[in-house]
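*Asks:* Pasted the sequence and its predicted model underneath.
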Amino acid sequence: MTELPLIGEAIAVAANPRLAGAKIGVVTFPGTLDDRDAARAVRLAGATPVELWHAGTTLGDVDAVVIPGGFSYGDYLRAGAIARFAPLMSKIIDAANSDAKLPVLGICNGFQILTESHLLPGSMIKNDHLKFMCRDQVLRVENNTTDWTGDYAAGQEITVPLKNQDGQYIADEKTLDALEAEGRVVFRYVGFNPNGSRRDIAGISNAAGNVVGLMPHPEHAVEAGFGPEIGAGTEGLGFFTSVLNKIVGGNK
């Protein structure tokens, strides 16, 4: 992707040369809105973003994949329902479930796609207030052992933007109990539940911890001065540095 100029001195962290060889694929579907933002977050974390088109048939040599937010295929039928059948998704599903356990992060519409793909359990429906919601949202890190959360502390609270209309996470009680018991609730809303998600769940993982989905947008909180006004404004960058440190062996 074309390098975008940094604005002023508002770069979140100094790029770590040790991470420069890592390649993170960013998927674009018709209707994707945040692929450029996700690619920029990858670049700021120190890795190389790689464009992946929904109709592609190979992931190339990427080390991880981000499925960003938007309205894939216009969210016709149901959010993420059509994207689940895109040719590239079959490759992502296979790679995530393989012995290599490719790290996959689904953000907002990406989370919806992961549930539709059965990489994550449960489903996403319209917000309980039936309105689009856009706000800075406080999250609590419930699990810092996934591929995407290793740079956070368990119990840490971070603030990242949230924007959705189909953000209500639902699942049957048996599934919810299993997620809780297995430590697969990765993020929980703090102070305010913006969409009615069951048990204030903002994000979950698969059993292996390589696949994570969440509704809020960490890629919009990676540069000082351009993220949430609460805190440093860069508290979403840890998602991207976490997976990079995982890829290169965790030697921070």
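*Replies:* Looks like it arrived, so ask away. Numbering: from 1, shown residues only.

*Asks:* Any stretches of the stretch 1-150 of the chain with poor pLDDT?
*Replies:* Where the stretch 1-150 of the chain drops to pLDDT under 70, the residues are 1-20.

*Asks:* Now do the SS call for Ile158.
*Replies:* Of the three states, Ile158 takes strand under DSSP: H, G, I helix; E, B strand; the rest coil.

*Asks:* burial measure for it, as a count.
*Replies:* By other Cβ atoms under 10 Å, 25 other residues sit near Ile158. For the C-beta atoms, the positions are set from N, CA and C on the backbone; glycine is no exception.

*Asks:* Relative to Val222, how far out is the nearest residue to it once chain neighbours are set aside?
*Replies:* Ranked by Cβ to Cβ, 6 or more residues apart in numbering and with sequence neighbours excluded, the top spatial neighbour of Ile158 is Glu235, at 3.8 Å. From Glu235 across to Val222, the span is 9 Å (Cβ to Cβ, to the nearest Å).

*Asks:* more crowded one of these two?
*Replies:* Val222 (29 against 24).

*Asks:* That one reaches Ala41, doesn't it?
*Replies:* Yes - counting by Cβ atoms under 8 Å, Val222 touches Ala41, with 4.6 Å between them.

*Asks:* Overlap of the contact sets of those two?
*Replies:* Gly236, Leu237, Phe240 (Cβ atoms under 8 Å, 6 or more residues apart in numbering).

*Asks:* nearest to Met215, of those residues?
*Replies:* When those are compared for distance to Met215 (Cβ to Cβ), Gly236 wins out at 12.9 Å.

*Asks:* Assess the claim that the closest one and Glu219 are in contact.
*Replies:* Yes - using Cβ under 8 Å, Gly236 is in contact with Glu219, at 6.2 Å.

*Asks:* Overlap of the contact sets of those two?
*Replies:* Going by Cβ under 8 Å, 6+ apart, residues that sit against Gly236 and also against Glu219 are Ala41.

*Asks:* mind listing which of the shared contacts of Val222 and Ala41 are in helices?
*Replies:* Leu237, Phe240 (DSSP state H).
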